[in-house]
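Engineer: need coordinates for the following:
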Amino acid sequence: MDLRRLARQHADVLVPVPIAVLYVVELVGRGHGTDLTRAVPLALLACASLTQRRRHPLVAFPLTMVASGIVPHWSPAFDSNSISYVVVFFFALYSLGRHARGAAAWAAVPLVALMVVAFVVGDGAHGPSDVFFAMAFVGSPYAAGLTWRLRTEREQVLTARNEELRRSQEENERRAIAAERARIARELHDVVSHAISVTVLQARGGRKLVGQDDDAVRRALDAIEKTNAAALSDMRRLLAVLRDTDTDPDARQAPQPSLASLDLLLEQVRASGLQVETTVSGAPAAIPPGVDLSAYRIIQEALTNVLKHAGPQAHACVRIDYGTADLDIAVTDDGPGAAAASADGRGHGLVGIRERVAVIGGTVEAGPAEDGGFVVRAQLPYSVTA
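Structural biologist: Numbering: from 1, shown residues only. Next up is the predicted model:
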């Protein structure tokens, strides 16, 4: 793995450096008639140009060809049949097809055609077979690089498409699970609310008959016992379904958050760059656990929406008012884009907030603030009348 990482980091010089060594060794070996002071720098320039084949293929290719083409003038014994010359020629053409993209790929076509013409003219033959040979000789390395590039791009497109499909499938599965859990939660709410309402009515009726009709009181108590036992069984069945649909075993055992851990949430939000101020009024009384949990989740979701739609450059304010009968929450921000992004109320965050408030039996308002930005207000009663 380390070798692969090093190869990727130094891929631009991994091939040109050995070619340059071969080039210089071959020039030195030519000996008689070779002006090394001019031929060697030109050879090194040709190989150095290949290091830019990925970033600037249209510049690297002609510079390599020109520099390598001038070398025989300073080394008469060095010609197009030399090994290093052929290697540079093929590798430059391959790199042009491999790395030229977009408009550069179209501009590379006349360069390749020009190389075919130069090859035919330089060879001194003009027959159809000579032209065909030149096209095959010049076009083959270019076509090989072009084919590899198209194949690689196709694989990247397919990989990205598969990844997008996978994420879409996972998101659809999460939405389906969330919708099912919401439906089960509503069923749980209806079943328990009905059972409690019946129990309250039976208790009221039995209380009026205390001392007057003991048998009627006994029947009322028996009915209360049966109703509550049935409701408890239904609740256990529904909670078992909820646990079975939970794919995160650690989340099942994690303690539920509350307003007592709000400071930790605010620290996490501030670490994301969002400036948050808090205002608390009233005495934090012993509010019901369900209301406490819902209040925490509402604030968490509202601040998440601020980060998504208003950005970390916005300012947010969280206001908590502990009343005698209910808990009031307001989360406001001054982000310029929050209202436009969420004013229609169709975001998943606002849907979740409304669901939580509806289960508690409270009210919620969400929309653009009067002074700009966005505001989410929720009123959560401590108890709901039967």
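Engineer: use CA for all of it now, contacts and neighbours both
Structural biologist: Will do.
Engineer: ok, Leu150 to Gly361 distance?
Structural biologist: 60 Å (C-alpha to C-alpha, to the nearest Å).
Engineer: right, I mislabeled it, should have said Glu164
Structural biologist: As judged by C-alpha to C-alpha, Glu164 and Gly361 stand 39 Å apart.
Engineer: who has more neighbours out of those two?
Structural biologist: Gly361 (16 against 12; other C-alpha atoms under 10 Å).
Engineer: now that one. Its backbone dihedrals?
Structural biologist: Taking degrees, to the nearest 10, you get phi 90, psi 20 for the backbone angles of Gly361.
Engineer: quick one: contacts for Trp148?
Structural biologist: Neighbour list for Trp148: Arg98 [criterion: C-alpha atoms under 8 Å, 6 or more residues apart in numbering].
Engineer: where along the chain do the helices fall?
Structural biologist: Using DSSP state H, the helices of the chain run over residues 2-9, 11-14, 16-30, 36-50, 57-74, 83-99, 103-123, 128-208, 214-245, 249-253, 262-271, 289-305, 338-342, 348-360.
Engineer: make JSON lines from these and add mean pLDDT and distance to Gln379 to it.
Structural biologist: Listed next are the helices of the chain as JSON lines, based on pLDDT from 0 to 100; distance: least, C-alpha to C-alpha, whole Å:
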{"stretch": "helix 2-9", "mean pLDDT": "69", "distance to Gln379": "56"}
{"stretch": "helix 11-14", "mean pLDDT": "80", "distance to Gln379": "62"}
{"stretch": "helix 16-30", "mean pLDDT": "87", "distance to Gln379": "71"}
{"stretch": "helix 36-50", "mean pLDDT": "89", "distance to Gln379": "69"}
{"stretch": "helix 57-74", "mean pLDDT": "89", "distance to Gln379": "64"}
{"stretch": "helix 83-99", "mean pLDDT": "90", "distance to Gln379": "61"}
{"stretch": "helix 103-123", "mean pLDDT": "85", "distance to Gln379": "60"}
{"stretch": "helix 128-208", "mean pLDDT": "81", "distance to Gln379": "19"}
{"stretch": "helix 214-245", "mean pLDDT": "70", "distance to Gln379": "26"}
{"stretch": "helix 249-253", "mean pLDDT": "48", "distance to Gln379": "28"}
{"stretch": "helix 262-271", "mean pLDDT": "86", "distance to Gln379": "18"}
{"stretch": "helix 289-305", "mean pLDDT": "85", "distance to Gln379": "9"}
{"stretch": "helix 338-342", "mean pLDDT": "44", "distance to Gln379": "20"}
{"stretch": "helix 348-360", "mean pLDDT": "74", "distance to Gln379": "8"}
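Engineer: out of those, nearest to Ala325?
Structural biologist: The minimum distance between Ala325 and those falls on helix 289-305, with 11.7 Å, by C-alpha to C-alpha.
Engineer: quick one, that closest one and helix 348-360 angle?
Structural biologist: Counting by axes from the mean of the first three to the mean of the last three C-alpha atoms, to 10 degrees, helix 289-305 points 170 degrees away from the direction of helix 348-360.
Engineer: CA atoms only: put helix 289-305 into CSV for me.
Structural biologist: Extracted C-alpha coordinates of helix 289-305, given in CSV (Å, rounded to 0.1, in the frame of the first residue of the first chain):
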residue,chain,number,x,y,z
PRO,A,289,-39.7,13.3,30.9
GLY,A,290,-41.5,13.2,27.5
VAL,A,291,-41.8,17.0,27.4
ASP,A,292,-38.1,17.3,28.5
LEU,A,293,-37.0,15.0,25.7
SER,A,294,-39.1,16.6,23.1
ALA,A,295,-37.9,20.1,24.0
TYR,A,296,-34.3,19.0,23.6
ARG,A,297,-35.0,17.3,20.2
ILE,A,298,-36.9,20.4,19.0
ILE,A,299,-34.0,22.7,19.8
GLN,A,300,-31.5,20.2,18.3
GLU,A,301,-33.4,20.0,15.0
ALA,A,302,-34.0,23.8,14.8
LEU,A,303,-30.3,24.5,15.3
THR,A,304,-29.5,21.8,12.7
ASN,A,305,-31.8,23.6,10.2
